[in-house]
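S.K.: just a sequence and a predicted model for now, questions to come.
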Amino acid sequence: MEDTKLKKKELIIQLLNRNILINPEILERATEVDMGWIKEIIEAKEDNSLLVLNEEFEKIIKRDKRKLNELNWLDLEKAKVIAEKNKGDNIYKKFIVNLEEGIDEKPKQNENNKIRILFSYNQKSEPIKQPIKIQDFVAYFVNRFSSLKKILQNRSELQNATSINRVLGKKNKEYATIIGMIKSKETSKSGGINLTLEDLTGTIKVFVNKNKNDIFDVAKDLVLDQVIGVLGITGNNILFANSIIEPGIPSNRELKKAPNEVYALFLSDLHVGSKLFLREKFEKFLNWLNGDNERHTDLVTKIKYIFIAGDIVDGCSIYPGQDKELEIIDIYDQYRECSKLLSKVPKSIKIILSPGNHDAMRISEPQPELYKDFAHDLWKLDNVTMVSNPALVNIESSDKFSGFDVLIYHGYSFDYYIANVESIRSNGGYDRPDLIMKFILQKRHLAPTHSSTLYFPDREKDPLVIDKVPDIFVTGHLHKVSANNYKHITTICGSCWQDKTPFQEKLGHKPEPCRVPIINLQTREIKILKFI
């Protein structure tokens, strides 16, 4: 009892630090499980505006914690204050209705696996009856802008952001704050950076002076089509930037740790079917999983999850002349062979499998789950969970622990940013997956620039927006192993199982095959296992 009281006192301090007030009755009857969802609210709230947790809010969030990611905290509280002052409760009621929509749609889950699919793109990949139109892309980018604007509005610096057309109507030398999507970016004659930002009301020029080192360094790494906030001073229909705000990752996040010692492994880019597929090394890994190394017997028994982030097979006709580099030329046979290999993984270990650009499916992102007609044998494996690219999966949750949210993205857009972002290119490029993953998290989008990947213009939302901050972010594509930590997010790039290709040789790439990142979910410590 005393221990619970102490925990509640600590919770009150955390709430006050985040400027959150809570109904005393909620706190009075709160169990340790209840304190868990309150902590998640503390973590999810990105700004420092005042928020009051009432019983109505408690009921909604406890029924479906996914709603945490859909909240505009500032506007919600403003609407509630207006309602309490009897000045109209229509806006507040709309908030509640929107929160309650879809609340009974439970995430897919398997209790035995402790795997919950929070997001997996499942639109049927049937032939499109209506051709894709420009309006589809307009709707797609409007949805993206709205999603990222909502994230930015939770930043205290941007709470007073106004529309671009209003800023254009201001007098010179007035302070202004806007949120916009980057339409163009150029270097000025003076060495500064000229940006054109647009929102739903218009466009405006933004100038970043090269002598303002802090924001100039930020501006150099801005890319087309990303959404940012700008604080500055008006002048002749130009906004002179004093500050640039990216969506970013909140710095107050808690480092989650599992209550039990459990391990997860991360693979990518198997490229089964290629003449360069390192079969012997992969079978060495499979034998290790089955306990052939007595020194690691205890460790192997605690492995519960394997994530595979795309390029399961080498595919067919991915590039000119690929047929000469294939050991298995039939795509069906490639997947059959891959299934035979993965069937050797102990059934106690659950495999979460996502596609990549070499797999037999559309290359446009998001890519749905592997097609059943090609990968039929993989679908039949009892311990395999199929997800899209990208996907968000929760593992190891329980009544007392919220589990880990794992964001999976193969990484097809990464080539563009390695080539076009100076800070990545000049600091290692393909040898530094950690830099590109940090860059992507700062933008809160997996492919912010339109030409960095092929999009399928979903009419409802942009599935490549990182609306929920993950605990683990896993990618592949680069054929380089990497394991790092950024603001309590474990970032992992999963190596490869293919030797250096002629194309990589030509470009000077240096793959690091047969490395396997393994994370202890209880301590969050990471090691790299080598099977070379």
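M.R.: The structure has been received and is ready for your questions.

S.K.: please identify the buried residues of the helix ranked longest in the chain?
M.R.: Counting residues, the longest helix found in the chain (DSSP state H) is helix 134-153. For helix 134-153, burial by neighbour count (16 or more other Cβ atoms under 10 Å) applies to 136, 139-141, 143-145, 147-153. Heads up, the C-betas are built off the backbone N, CA and C, glycines and all.

S.K.: looking at it, Lys114 is touching Phe401, isn't it?
M.R.: No - counting by Cβ atoms under 8 Å, Lys114 stays clear of Phe401, with 10.0 Å between them.

S.K.: centroid-nearest residue for the chain?
M.R.: The centroid of the chain falls nearest to Ile466 when counting by Cα atoms, centre = their mean (4.3 Å).

S.K.: and the longest helix of the chain, how far from the chain's centre?
M.R.: With Cα atoms, centre = their mean, to the nearest Å as the basis, helix 134-153 stands 17 Å off its chain's centre.

S.K.: which helices and strands does it pack with?
M.R.: Applying 3 or more Cβ pairs under 8 Å, 6 or more residues apart in numbering; DSSP states H and E, one finds that helix 134-153 contacts strand 175-187, strand 227-235.

S.K.: if we use 10 Å, what do you get?
M.R.: In terms of contacts (3 or more Cβ pairs under 10 Å, 6 or more residues apart in numbering; DSSP states H and E), helix 134-153 is packed against helix 73-84, strand 175-187, strand 227-235.

S.K.: mean pLDDT lowest where, among the ones you listed?
M.R.: When the helices and strands packed on helix 134-153 are compared on average pLDDT, helix 73-84 comes out lowest at a mean of 61.

S.K.: how many residues are close by Ile440?
M.R.: Ile440 has 24 neighbouring residues, counting by other Cβ atoms under 10 Å.

S.K.: quick one: secondary structure of it?
M.R.: helix (DSSP: H, G, I helix; E, B strand; the rest coil).

S.K.: pLDDT value on it, please?
M.R.: Ile440 is given a pLDDT of 97.

S.K.: what sits against the closest residue in space to it that isn't next to it in sequence?
M.R.: In this structure, Ile440 finds its nearest non-sequential neighbour in Leu446, 6.0 Å apart by Cβ to Cβ, 6 or more residues apart in numbering. Contacts of Leu446 were listed using Cβ atoms under 10 Å, 6 or more residues apart in numbering, and they are 365-366, 389-390, 407, 409-414, 440, 452-453, 462-466, 473, 475.

S.K.: quick one: the residue nearest to the centre of the chain and Tyr409, what's the gap?
M.R.: Shown here: Ile466 relative to Tyr409, a distance of 9 Å by Cβ to Cβ, to the nearest Å.

S.K.: overlap of the contact sets of these two?
M.R.: Counting by Cβ under 10 Å, 6+ apart, the contacts common to Ile466 and Tyr409 are 390, 392, 440, 446, 473.

S.K.: picking up where we left off before, redo the buried residues of helix 134-153 as a markdown table? Include distance to Leu224.
M.R.: Formatted as a markdown table, the buried residues of helix 134-153 follow (distance: Cβ to Cβ, whole Å):
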| residue | distance to Leu224 |
| --- | --- |
| Asp136 | 20 |
| Ala139 | 19 |
| Tyr140 | 15 |
| Phe141 | 12 |
| Asn143 | 18 |
| Arg144 | 13 |
| Phe145 | 13 |
| Ser147 | 18 |
| Leu148 | 14 |
| Lys149 | 17 |
| Lys150 | 21 |
| Ile151 | 19 |
| Leu152 | 17 |
| Gln153 | 22 |
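
S.K.: which stretches of the protein have low pLDDT?
M.R.: 1-4, 31-35, 37, 44-49, 55-113, 123-130 (pLDDT under 70).

S.K.: look up how far Leu441 lies from the nearest residue in space to Phe456 that is not next to it in sequence.
M.R.: Counting by Cβ to Cβ, 6+ apart, Phe456 lies nearest to Ser364, which is 4.2 Å off, once chain neighbours are set aside. Per Cβ to Cβ, Ser364 is found 23 Å from Leu441.

S.K.: ok, now Cys514?
M.R.: Counting by Cβ to Cβ, the separation of Cys514 from Leu441 is 27 Å.

S.K.: likewise for Val206?
M.R.: 23 Å.

S.K.: buried stuff in stretch 514-532?
M.R.: Neighbour-count burial for stretch 514-532, counted by 16+ other Cβ under 10 Å, picks out 514-521, 524, 526, 529, 531.

S.K.: hang on, isn't Thr475 packed against Leu441?
M.R.: No - at 11.1 Å, Thr475 and Leu441 do not qualify as touching, with contact defined as Cβ atoms under 10 Å.

S.K.: return every residue with contacts to both of those two.
M.R.: By Cβ under 10 Å, 6+ apart, the residues touching both Thr475 and Leu441 are 407, 491.

S.K.: higher neighbour count, these two?
M.R.: Neighbours were counted for Thr475 and for Leu441 using other Cβ under 10 Å; Thr475 has more, 29 against 23.

S.K.: any idea how many residues pack against the nearest residue to that one once chain neighbours are set aside?
M.R.: Nearest residue to Thr475, sequence neighbours excluded (Cβ to Cβ, 6+ apart): Gly411, at 4.1 Å. A total of 29 residues lie near Gly411 under the criterion other Cβ under 10 Å.

S.K.: again with Asp377
M.R.: 16.

S.K.: chain neighbours aside, what residue packs nearest to it?
M.R.: Among residues not flanking Asp377 along the chain, Ser339 sits closest, at 3.6 Å (Cβ to Cβ, 6+ apart).

S.K.: go on, Glu337?
M.R.: Val272 (5.5 Å).

S.K.: which residues does that neighbour contact?
M.R.: By Cβ under 10 Å, 6+ apart, the contact set of Val272 is 279, 282, 311-315, 327-328, 333-342, 358, 497-498.

S.K.: and these, which of them are buried?
M.R.: Using 16+ other Cβ under 10 Å, the buried ones in those are 282, 311-315, 328, 334-339, 341-342, 358, 497-498.

S.K.: hang on, the earlier thing: looking at the contacts of Val272, which are in strands?
M.R.: Here DSSP state E is the test, and the contacts of Val272 give no hits in strands at all.

S.K.: inside helices: which ones of these?
M.R.: Judged by DSSP H, the subset of those located in helices is 279, 282, 333-342.

S.K.: put together a markdown table for those residues, with distance to Asn236 on each row.
M.R.: Shown next, in a markdown table, are the ones in helices among the contacts of Val272 (distance: Cβ to Cβ, whole Å):
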| residue | distance to Asn236 |
| --- | --- |
| Arg279 | 66 |
| Phe282 | 63 |
| Asp333 | 66 |
| Gln334 | 61 |
| Tyr335 | 61 |
| Arg336 | 66 |
| Glu337 | 65 |
| Cys338 | 61 |
| Ser339 | 65 |
| Lys340 | 68 |
| Leu341 | 65 |
| Leu342 | 63 |
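
S.K.: now, which of the residues you listed sits nearest Ala258?
M.R.: Distance to Ala258 across the ones in helices among the contacts of Val272 (Cβ to Cβ) is lowest for Leu342, with 24.8 Å.
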